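**Student:** 3D model of this:
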Amino acid sequence: MSTENPGPTSSRVEISEEASRNTLALNPLVAIQGQDLLDSAGILFKAVINEPKVATEQWLAFVGELSSIVSGKSERAPKAGDKRFADPTWKESSLHSGLLKAYLAWGEAVNGLVDKTSLGAIDKARAHLVTEILIDAVAPTNAMLTNPAAVRKFVDSGGQSLWHGLRNYVDDLTHNRGMPSMVDTSAFKVGENLAVTPGAVVLRNELLELIQYTPMTATVRKRPLLVTPPQINKYYALDLSPDKSMIRFLLESGIQTFAISWRNPTEAHRDWGLDTYVAAVDEAVDAAREISGSEDITMMGSCSGGITSTAYFATLGSAAEKKIKNLVLAVCLLDPNSAEEGAFGCLVTPETMRAAKEMSRLRGFVDGHDLARMFAWMRPNDLIWNYWVNNYLLGNQPPAFDILYWNADTTRLPAALHGDYLDLYFTNPFVNAGKLTLNDKTVDMSKVKADSYIVAGVTDHITPWKGVYKTAQIMGEGTTFVLSNSGHLQSLLNPPTNPKASFMIGPVGAGTPDAFQASAEKRKGSWWLDWRDWLHVRSGEEVAAPASPGSVRHPTLGAAPGTYVFE
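**Tutor:** Residues are numbered from 1 along each chain as shown. Prediction:
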């Protein structure tokens, strides 16, 4: 990690933690393009032109509030928890206090304009999204002269902070497509300080590598666990640094663990669809069964990897095959209509999805970097302006944080898979049986049954927890549902050493998510410990740990983390 211009440690940690709550994953935003934001801005502009009376009223209200601010009568203050204005200067300086109140009053007037127009509910939501982006962009904290911390840093450093900030800006223009860097990538290297749990690749096909991890106990449970990660990010989110590695925790708990590492597709792989991925997963499952000597396995899928796992599992049921004994799904929406509960549901429409599908078809893939840029503009305070201030105005290096490094290590989605995922919004096959056929096998959740453990995050904006609760209901009554006290990725990276961890747990019934929340058992600590106990009961007898990875049929092809992770 670079030590040049480190800035306050607590501030750097806060930036890292805040951004890590907004990590990238496959979600409705894969259907959103820049044009959708422009269209939303057009809706707002037309409303202002067509309803001048409303615009005039809001302007006069704003001018009146300015008079109150100048006379010292305004009690306006930022929302609790708004860290942009945590510097004491915003309260102690009458100039800065007045500037802040004027900014807040202007933002309220702009939002009030949207509220008072005759726009429909969806168009109002779209207009609000645009105005929030605009309001956040012009915050006084984003300008050098009106950010007291930046001015203080400039004076204290003798102007060096400005020079370092300009250097960071030029570097981002050159190497990061003009976006502020979220992470100091020089601090990490996969295979050296990330994804370092020992193991070996025991299967490689065109789509995936299968990694078998080296046991850490003398005996292991016979039934193995196979992890299926999302396709839009690399697999090692569950094997970051050793202190937060879920893979390592499973091994220390005596669970034989396998993980899929997806290949990063190119335009040449544009025709890889969900059926292609399901067939590849089947090959990985058969390899894990053969190597472990177990007739069936426990399968775990997170986010879009959970969709792939469930689609595969459901096709097994229609063919009367028995390969999956238990199914673990984390932050996974099986009912895509539940995504409307997310922050950006107003932009997810049949029209936007069809346009996105056509764009990826023409290009051959969806680029994770493009998705990350669009996602950042959906949450600019957390993913853009935080770093604008830290990197450019304060002249600090971006933080070195393993989750953010993984988040920046994006992949591509082949056009066919992207289209298949978008089609789920129209067919909803996990709710409507017979709407999806993969490799001549029909997806029908009523024909499959497995002990299921479903995990959600209460502050997850990517896969909202109430939608994940619907996933648990699809899996059937008696399914264990866990609601972690964190967000999308933090709900998974929740080791027992986390002092802030807590969760709710209980069986799933036919009631509402709110009913579950009201009746669920509340526990302190990590859900990993409960999950470990759940797995032990369902993972068969204890047997001697294998002396070496692979088998005669599936010899080792190289050490973990394999080769696909570096593509």
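
**Student:** In contact with Y392, which residues?
**Tutor:** If a contact means CB atoms under 8 Å, 6 or more residues apart in numbering, then Y392 has 165-166, 168-169, 180 as its contacts. All C-beta atoms are positioned from the backbone trio N, CA, C, and that covers glycine.

**Student:** Can you redo the residues you listed as TSV, where the extra columns are pLDDT, distance to V552 and neighbour count?
**Tutor:** Output for the contacts of Y392, formatted as TSV (pLDDT from 0 to 100; distance: CB to CB, whole Å; neighbours: other CB atoms under 10 Å):
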residue	pLDDT	distance to V552	neighbour count
G165	96	59	24
L166	96	61	12
N168	95	54	23
Y169	95	57	16
P180	93	52	20
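
**Student:** What residues does P140 make contact with?
**Tutor:** When contacts are taken as CB under 8 Å, 6+ apart, P140 is in contact with 96, 99-100, 103, 146-147.

**Student:** Can you tell me the closest non-neighbouring residue to it?
**Tutor:** Spatial nearest neighbour of P140, chain neighbours left out: T146 (4.0 Å); criterion: CB to CB, 6 or more residues apart in numbering.

**Student:** sorry, back to before: ok, of the contacts of P140, which come out buried?
**Tutor:** Using 16 or more other CB atoms under 10 Å as the burial test, the contacts of P140 include 96, 100, 103, 146-147 as buried.

**Student:** And stretch 457-468, what's buried?
**Tutor:** Of all the residues in stretch 457-468, those buried under the rule 16+ other CB under 10 Å are 457-458, 460-468.

**Student:** what's the span of it from first residue to last?
**Tutor:** End-to-end distance for stretch 457-468: 9 Å, by CA to CA, to the nearest Å.

**Student:** ok, now stretch 79-88?
**Tutor:** Length of stretch 79-88, first residue to last, CA to CA: 15 Å.

**Student:** Give me the contact list for it.
**Tutor:** Defining contact as CB under 8 Å, 6+ apart, one finds that stretch 79-88 is touched by 14, 18, 78, 100, 139, 141, 148-149, 381, 385.

**Student:** Pick out the lowest-pLDDT one from these.
**Tutor:** Across the contacts of stretch 79-88, no position has a lower pLDDT than E18, which has 58.

**Student:** circling back: out of the buried residues of stretch 457-468, list just those in helices.
**Tutor:** Members of the buried residues of stretch 457-468 lying in helices (criterion: DSSP state H): 465-468.

**Student:** now, which of the residues you listed sits nearest T197?
**Tutor:** Checking those against T197 by CB to CB gives V468 as the nearest, at 26.9 Å.

**Student:** Excluding sequence neighbours, find me the nearest residue to that closest one.
**Tutor:** A456 (3.7 Å).

**Student:** Looks like L316 contacts A450 (just checking).
**Tutor:** No: in this structure, L316 is not within contact of A450 by CB atoms under 8 Å, at 9.8 Å.

**Student:** So which of these two has more stuff around it?
**Tutor:** Using other CB atoms under 10 Å, the more surrounded residue of L316 and A450 is A450, with 22 against 19.

**Student:** Now do the contacts for that one.
**Tutor:** A450 makes contact with 313, 324-327, 475, according to CB under 8 Å, 6+ apart.

**Student:** Mind giving me the packing neighbours of the longest helix seen in the chain?
**Tutor:** Criterion DSSP H: the longest helix present in the chain is helix 94-116. Using 3 or more CB pairs under 8 Å, 6 or more residues apart in numbering; DSSP states H and E, the elements in contact with helix 94-116 are helix 34-50, helix 52-70, helix 89-92, helix 121-137.

**Student:** angle of the second one against helix 94-116?
**Tutor:** Orientation of helix 52-70 against helix 94-116 (axes from the mean of the first three to the mean of the last three CA atoms, to 10 degrees) gives an angle of 160 degrees.

**Student:** What is the end-to-end distance of stretch 438-447?
**Tutor:** 15 Å.

**Student:** Any buried residues in it, and which?
**Tutor:** In stretch 438-447, counting by 16+ other CB under 10 Å, buried: 438, 441-445.

**Student:** pLDDT averaged over stretch 496-513 - what is it?
**Tutor:** Regarding stretch 496-513, the rounded mean pLDDT is 93.

**Student:** Just the C-alphas of that stretch, formatted as CSV.
**Tutor:** Only the C-alpha atoms of stretch 496-513 are listed here, as CSV (Å, rounded to 0.1, in the frame of the first residue of the first chain):
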residue,chain,number,x,y,z
PRO,A,496,-17.3,-15.1,13.5
THR,A,497,-14.6,-12.5,14.2
ASN,A,498,-16.9,-9.7,13.1
PRO,A,499,-17.9,-7.9,16.3
LYS,A,500,-20.8,-6.1,14.5
ALA,A,501,-22.5,-9.2,13.2
SER,A,502,-26.0,-10.2,14.0
PHE,A,503,-28.9,-11.9,12.2
MET,A,504,-32.5,-13.1,12.3
ILE,A,505,-33.3,-16.7,11.6
GLY,A,506,-36.4,-18.9,11.3
PRO,A,507,-38.4,-21.2,9.1
VAL,A,508,-40.1,-19.9,6.0
GLY,A,509,-43.9,-19.9,5.9
ALA,A,510,-46.6,-18.6,3.7
GLY,A,511,-46.7,-15.2,5.4
THR,A,512,-45.2,-11.9,4.4
PRO,A,513,-41.5,-10.9,4.8
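
**Student:** next one: that stretch to chain centre, how far?
**Tutor:** In terms of CA atoms, centre = their mean, to the nearest Å, the centre of stretch 496-513 is set 19 Å apart from its chain centre.

**Student:** can you check stretch 178-198 too?
**Tutor:** Centroid separation for stretch 178-198 versus its chain: 17 Å, with CA atoms, centre = their mean.

**Student:** Repeat that for stretch 95-103.
**Tutor:** Worked out by CA atoms, centre = their mean, stretch 95-103 lies 35 Å from the chain centre.

**Student:** ok, now how distant is the closest residue to R538 other than its chain neighbours from V183?
**Tutor:** Nearest residue to R538, sequence neighbours excluded (CB to CB, 6+ apart): N326, at 5.0 Å. As judged by CB to CB, to the nearest Å, N326 and V183 stand 35 Å apart.
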